[in-house]
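J.: Coordinates only, no sequence provided:
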Ligand SMILES: Nc1ncnc2c1ncn2[C@@H]1O[C@H](COP(=O)(O)OP(=O)(O)OP(=O)(O)O)[C@@H](O)[C@H]1O
Ligand SMILES: [Mg+2]
């Protein structure tokens, strides 16, 4: 292979099993050896792959204080330069972090058979080469033919085409500070999934859009047919689908005794043949009022709690939309929560949706799906005191969803506020810039793949850069996120633009 970039040497007790240093060859073909490049060398165990993690420029001439002093005191340094060719003393070295040993299937070194851990250092004197794109893709576990194209690998500039099965198999998270680019990245993911060849097998997508940021997808001519927007003002929960315990979840003041009472009323309505399984919350309230037996205080309290739920205008005789009909492969269904202010109402909607989706998926009534949840910390928070109605079902899907191909993508700007149980189940993480040390610590605690070293790098990422870590890739990679193909009209609006165009809506 032609791409020799240096020679391994002994430096600072290295090479050892985990690192090796090499002297960078002076090059004529302008390949700049940079931090972050993937390289390989032939070691006793096979091809040893590593990534450059440090570059040092050394110049013996400038390592002695006295020489520098005389260099600086001389009025014309060019005279000294003529006497001592200081530039020729300079050489660059790199330190490589070893990642693994690869063995090829055949002698042509094209197809990787196995990746193993290193157990022996690289050899001083051995050549170091740039890793070519084909081997890199196999080593990282990318899927160049069918993968989701999110951008390019930092420094190497290879296409980052993430294997869909590996990403969606075990749930994932998109995390960053506010304005870090999470929604932008999510829209790229959606673009990729919606425009992917249908013969590759695509899941259905359901998106809980808290701020109405994704509605523009409906205006994109190429995607129009694949986007359905559900207006939450018509959302209805089917009362006959709910047990007395579910009512208690939505109104936690209902006591155990009252739950048992409520069960009886619900059962009675279900058994009433004339209703054909259809009844409303008002029907339950009426049947409690009309009942002559039983404790009056229990009945009064129950009516109070149920009336409180009734006022949310979320409950009806049947669900709307009919969830089993709106989840389709190669399509996205966006639930627009932008006009809903009440957090309790939003949580009830998300709870009901998640429960139904998971149930319908378990019973094979809907195809495998990806459920994307924006502002996930509002729906499954870590703190025990912040009651989140939807927390338990999200934790259940996080734990068990994989077996049923129900995949979660949780998006959050406050990882610290996100349930640690859920965070630890989200196997892959797309991490953009996170500055808050508490968020970083929470992330490190819930994911063994994120070491202190990565945490430092995460805090210095810029907009448009991300770290992908976890099940989706064999080794963490940094990606320059690509531009999105379909633009939102409001994307580049500045405050000035909005102020200039503003008119009061009558
Ligand atoms: N990869 C990118 N390339 C170009 N612009 C980007 C990129 N990522 C983000 N931006 C820009 O940065 C801004 C913030 O991005 P975005 O809305 O995605 O952030 P966010 O993390 O979702 O924020 P919030 O937490 O407030 O929801 C947007 O104006 C977007 O256009
Ligand atoms: Mg956002």
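T.: Done, it's in. Keep in mind the model is a prediction, meaning the values are calculated, not measured. Numbers count the residues shown, from 1 in each chain. Ligands and ions are numbered 1, 2, ... in the order given.
J.: What ranges does the stretch 301-450 of the chain have for its strands?
T.: Ranges of strands in the stretch 301-450 of the chain, per DSSP state E, counting those that start in this stretch, are 315-316, 332-336, 369-373, 406-412, 428-431.
J.: Can you say which of the ones you listed is nearest to residue 258?
T.: strand 315-316 (17.5 Å; CB to CB). Yep, even glycine has a C-beta here, placed from its N, CA and C like the rest.
J.: which helices and strands sit right next to the closest one?
T.: Judged by 3 or more CB pairs under 8 Å, 6 or more residues apart in numbering; DSSP states H and E, the packing partners of strand 315-316 are strand 237-238.
J.: What pLDDT is listed against residue 27?
T.: Per-residue pLDDT puts residue 27 at 66.
J.: Check the one 5 residues further on too.
T.: Note on residue 32: pLDDT of 81.
J.: That one and ligand 1, how far apart?
T.: 24 Å (CB to the nearest ligand atom, to the nearest Å).
J.: So that residue belongs to a strand, correct?
T.: No - assigned with DSSP: H, G, I helix; E, B strand; the rest coil, residue 32 falls outside any strand and is coil.
J.: Around it, how many other residues sit close by?
T.: 9 (other CB atoms under 10 Å).
J.: just the one 5 residues further on next, same as before
T.: When counting by other CB under 10 Å, one arrives at 21 neighbours for residue 37.
J.: Just to check, it is in contact with residue 130?
T.: Yes - between residue 37 and residue 130 there is a contact at 6.7 Å, judged by CB atoms under 8 Å.
J.: out of the strands of the stretch 301-450 of the chain, nearest to ligand 1?
T.: When the strands of the stretch 301-450 of the chain are compared for distance to ligand 1 using CB to the nearest ligand atom, the nearest one is strand 406-412, at 7.3 Å.
J.: what sits up against the closest one?
T.: With contacts defined as CB atoms under 8 Å, 6 or more residues apart in numbering, strand 406-412 is touched by 168-175, 182-183, 186, 189, 203, 357-358, 361, 368-377, 380, 394, 397-398, 401, 418, 422, 426.
J.: neighbouring strands for that strand, and are they parallel or not?
T.: Strand pairing for strand 406-412, determined by DSSP bridges: strand 172-175 (parallel), strand 369-373 (parallel).
J.: Dump these into TSV; add mean neighbour count as well.
T.: Output for these, formatted as TSV (neighbours: other CB atoms under 10 Å):
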stretch	mean neighbour count
strand 172-175	28
strand 369-373	25
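J.: closest one to residue 214 among those strands?
T.: Among these, the nearest to residue 214 by CB to CB is strand 369-373 (9.0 Å).
J.: From the chain's centroid, how far away is that closest one?
T.: Relative to its parent chain, strand 369-373 has a centroid offset of 11 Å by CA atoms, centre = their mean, to the nearest Å.
J.: Tell me the residues of the protein that contact ligand 1?
T.: 176, 178-184, 413, 463-464, 481, 483, 491 (CB under 6 Å from any ligand atom).
J.: mind showing which ranges of this structure have poor pLDDT?
T.: Scanning the chain with the threshold set as pLDDT under 70 gives 1-2, 27-31, 74-89, 385-386, 489-491, 506.
J.: burial measure for whichever residue of the chain sits closest to ligand 1, as a count.
T.: Using CB to the nearest ligand atom, residue 181 is the residue of the chain that sits closest to ligand 1, at 2.8 Å. Residues near residue 181, counting by other CB under 10 Å, number 21.
J.: Next: residue 440.
T.: 21.
J.: Ignoring the adjacent residues along the chain, who's closest to residue 255?
T.: In this structure, residue 255 finds its nearest non-sequential neighbour in residue 301, 7.6 Å apart by CB to CB, 6 or more residues apart in numbering.
J.: check contacts around the one you found.
T.: Per CB under 8 Å, 6+ apart, neighbours of residue 301: 254-255, 258.
J.: closest to ligand 2 among these?
T.: Distance to ligand 2, by CB to the ion, is smallest for residue 254 among the contacts of residue 301, at 35.4 Å.
J.: For the closest one, give me its contacts.
T.: So residue 254 contacts 247-248, 262, 301-302, 305 (CB under 8 Å, 6+ apart).
J.: Next, it: secondary structure please.
T.: coil.
J.: The one 5 residues further on now?
T.: Under three-state DSSP, the three-state class of residue 259 is helix.
J.: how near is it to ligand 2?
T.: 38 Å (CB to the ion, to the nearest Å).
J.: and if you look at residue 461?
T.: In terms of CB to the ion, residue 461 sits 16 Å off from ligand 2.
J.: how close does the spatially closest residue to residue 117 that is not a sequence neighbour sit to residue 349?
T.: Spatial nearest neighbour of residue 117, chain neighbours left out: residue 100 (6.4 Å); criterion: CB to CB, 6+ apart. Separation of residue 100 from residue 349 (CB to CB, to the nearest Å): 46 Å.
J.: These two: which is more packed in?
T.: residue 349 (23 against 17).
J.: I'd say that one and residue 235 touch.
T.: Yes - between residue 349 and residue 235 there is a contact under CB under 8 Å: 5.9 Å.
J.: for the contacts of residue 254, which one is nearest residue 119?
T.: residue 248 (56.8 Å).
J.: Can you tell me the element residue 136 falls in?
T.: Assigned by DSSP states H and E, residue 136 belongs to helix 133-140.
J.: near ligand 2, which residues of the protein?
T.: Residues of the chain lying close to ligand 2 by CB under 5 Å from the ion are 182-183.
J.: from the chain, which residue is nearest to ligand 2?
T.: residue 183 (3.2 Å).
J.: what's around that residue, how many residues?
T.: Neighbour count for residue 183, taken as other CB under 10 Å: 18.
J.: top helix in the chain by residue count?
T.: helix 343-362 (DSSP state H).
J.: got the angle between that helix and strand 406-412?
T.: 150 degrees (axes from the mean of the first three to the mean of the last three CA atoms, to 10 degrees).
J.: and the residue nearest to residue 321 when sequence neighbours are not counted, what element?
T.: Using CB to CB, 6+ apart and skipping the chain neighbours, the partner closest in space to residue 321 is residue 230 (5.7 Å). Residue 230 belongs to strand 227-231 when assigned by DSSP H and E.
J.: Tell me, domain by domain, which residues of the protein belong where.
T.: 4-140, 163-235+324-501, 238-316 (automatic domain parsing).
J.: Quick one: end-to-end length of the longest one, please.
T.: It stands for domain 163-235+324-501. End-to-end span of domain 163-235+324-501 (CA to CA, to the nearest Å): 43 Å.
J.: I'd like to know how far the nearest residue to residue 319 once chain neighbours are set aside sits from residue 220.
T.: Spatial nearest neighbour of residue 319, excluding adjacent residues (CB to CB, 6+ apart): residue 238 at 4.0 Å. Note on residue 238: its distance to residue 220, by CB to CB, is 33 Å.
J.: Which of those two has more residues huddled nearby?
T.: More crowded of residue 238 and residue 220, by other CB under 10 Å: residue 238, with 20 against 16.
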